[in-house]
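S.K.: coordinates for the following, if possible.
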Amino acid sequence: MIVILGLLDDASMTDAQIAEIYGLNKGTVASVRRRLVDAGALYYVNIPAFNKLGCEMICCHLGSTDPALSQDVKTGHYMEFCDGQPSIFNGLIGGNSIVFFTAFKNATELEVFNLAHNKFFSGVRRPSKADFRTVMFPYAVSRGTYTTNFAPLVHDFFKLEVPLPKSRLPVHVDVETPDLGETEKGVLVSMVENPGGSDREIAARVKLSRQAVSRVRNRLVEDGFVTLKCLPRLYKWGFELYAVANARFNLDMPWEKRLKGQPRPPVDFSFFTLSKPDESVSNYMVPRFQEYAEALESAMAWYHKAKAFDAKPDLNVFSLERCTELRSFEFAPIVSHLLSGK
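M.R.: Take a look at the predicted model:
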């Protein structure tokens with residue numbers, strides 16, 4: 001399980017580096033890595049820096065669906081909708097709840113997306129339409145753990161007797177205008193589509209030499225256009241619940257004071273956090289249903305004590321056994337869309 005921690009903390013580490021850090025055998029690390037990936041318990045993604053691709057905001061769309069309607073019907077309609085919407089990179093539907101995350105270049109794109117949603121869910125699909133609330137996180141006024149943060153959760157779950165990984169606090173990033181040539185665009189799309197692809201495989205797809213692909217790939221990584229991450233499929237490990245918490249904050253408490261004063265666990269155990277002065281969205285995985293109330297109380301206790309909340313946090317809770325992934329940190333559609341200039 002220590003191997004898992006190393007992979008989640010830094011997916012770019014080699015087997016030898018993980019072995020050296022944790023006092024393991026290199027062959028053992030390699031064997032465990034292969035077994036976990038082959039079993040689908042872990043998978044690799046190249047997470048793009050949307051801000052470097054000209055996006056101004058990330059949005060979280062939280063909604064509820066009609067409990068009287070068949071789950072299969074609702075799920076089928078939303079899977080069909082997502083297939084035509086490259087802006088969605090992560091999403092889940094189950095029970096009476098739905099959530100998905102999107103990235104947009106500007107507010108106009110968000111409005112076009114909302115109109116497309118309303119149009120799609122008209123006519124015979126109207127009963128499947130979720131009652132959505134969209135929370136916008138413009139990069140200019142937000143911070144986030146934009147490359148995910150699963151290591152502390154796994155460290156706690158397995159009760160590992162090694163130091164807890166360093167906290168990945170939400171950070172601010174600036175929006176940039178990308179200046180990529182066709183070669184760089186082709187390599188970037190290929191990296192996102194096939195995170196495990198070798199230079200030789202990418203070269204065959206983009207019609208370049210292996211050496212040229214290696215240079216471009218290294219430059220894209222060094223410039224922060226993509227970050228390789230190893231993500232766990234926690235439902236394969238027995239996790240039962242996924243919860244999305246949307247909190248609205250009292251502006252009497254300055255944002256910086258709230259960020260600096262909050263204890264480590266609530267920050268660490270949200271594997272994907274978006275935050276701005278008056279609002280945040282946090283994502284939690286809970287191993288057992290019986291632990292849900294205790295975990296929630298622990299995560300929220302400091303905020304209640306500090307009177308940081310402006311209203312009771314909204315929660316969307318999903319049973320991992322009874323929900324369907326609409327997209328699971330799937331970035332190829334949106335990167336292709338952004339780089340196409342359409």
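S.K.: flag every buried residue along the helix or strand of the chain with the lowest mean pLDDT.
M.R.: Taking mean pLDDT, DSSP states H and E as the measure, the chain has helix 264-268 as its least confident helix or strand, at a mean of 75. Counting neighbours by 16 or more other Cβ atoms under 10 Å, one finds that the buried residues in helix 264-268 are 265-268. From N, CA and C alone the C-beta is placed, and that goes for glycine too.
S.K.: and the contacts of that helix?
M.R.: When contacts are defined by Cβ atoms under 8 Å, 6 or more residues apart in numbering, helix 264-268 is touched by residues 149, 152-153, 164, 167-170, 273, 282, 298-300, 302-303.
S.K.: which residues sit against stretch 319-326?
M.R.: Stretch 319-326 is touched from outside by 71, 75, 78-79, 82, 88, 91-95, 98, 100, 234-235, 239-242, 289, with contacts defined as Cβ under 8 Å, 6+ apart.
S.K.: check the offset of it from the chain's centre.
M.R.: On the basis of Cα atoms, centre = their mean, to the nearest Å, stretch 319-326 sits 16 Å off its chain's mean C-alpha point.
S.K.: so which residues of the stretch 1-150 of the chain form strands?
M.R.: With DSSP state E, counting those that start in this stretch, the ranges of strands along the stretch 1-150 of the chain come out as 42-48, 57-64, 88-94, 97-104, 131-138, 143-144.
S.K.: circling back: need the buried ones from the contacts of helix 264-268 selected in PyMOL.
M.R.: Here is the PyMOL command that selects the buried residues among those (16+ other Cβ under 10 Å):
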select buried, resi 149+152+153+168+169+170+273+282+299+300+303
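S.K.: okay, and which of the contacts of helix 264-268 map to strands?
M.R.: Among the contacts of helix 264-268, the members falling in strands are 273, 282 (criterion: DSSP state E).
S.K.: and which of the contacts of helix 264-268 is nearest residue 28?
M.R.: Using Cβ to Cβ, the shortest approach to residue 28 within those belongs to residue 164, at 22.3 Å.
S.K.: tabulate the CA atom coordinates of the least confident helix or strand of the chain in CSV.
M.R.: What follows is helix 264-268 as a C-alpha-only set of coordinates in CSV (Å, rounded to 0.1, in the frame of the first residue of the first chain):
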residue,chain,number,x,y,z
ARG,A,264,-5.3,20.4,7.8
PRO,A,265,-7.7,17.5,7.6
PRO,A,266,-10.6,19.2,5.8
VAL,A,267,-8.2,20.6,3.2
ASP,A,268,-6.2,17.4,2.8
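S.K.: not counting its neighbours along the chain, what's nearest residue 217?
M.R.: Of all residues not flanking residue 217 in the chain, residue 187 sits nearest, at 6.0 Å (Cβ to Cβ, 6 or more residues apart in numbering).
S.K.: any idea which element the one you found lies in?
M.R.: If you go by DSSP states H and E, residue 187 is part of helix 182-193.
S.K.: mind listing what's buried in that helix?
M.R.: In helix 182-193, counting by 16+ other Cβ under 10 Å, buried: 184-193.
S.K.: same thing with stretch 130-143?
M.R.: Within stretch 130-143, the residues that qualify as buried are 130, 132, 135-139, 142-143, counting by 16+ other Cβ under 10 Å.
S.K.: got JSON lines for those, with pLDDT and distance to residue 8 too?
M.R.: Rendered in JSON lines, the data for these read as follows (pLDDT from 0 to 100; distance: Cβ to Cβ, whole Å):
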{"residue": "130", "pLDDT": "97", "distance to residue 8": "31"}
{"residue": "132", "pLDDT": "93", "distance to residue 8": "31"}
{"residue": "135", "pLDDT": "98", "distance to residue 8": "26"}
{"residue": "136", "pLDDT": "98", "distance to residue 8": "29"}
{"residue": "137", "pLDDT": "98", "distance to residue 8": "24"}
{"residue": "138", "pLDDT": "98", "distance to residue 8": "29"}
{"residue": "139", "pLDDT": "98", "distance to residue 8": "25"}
{"residue": "142", "pLDDT": "97", "distance to residue 8": "24"}
{"residue": "143", "pLDDT": "95", "distance to residue 8": "21"}
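S.K.: which of those lies closest to residue 202?
M.R.: The shortest gap between residue 202 and any of the buried residues of stretch 130-143 belongs to residue 139, at 28.7 Å (Cβ to Cβ).
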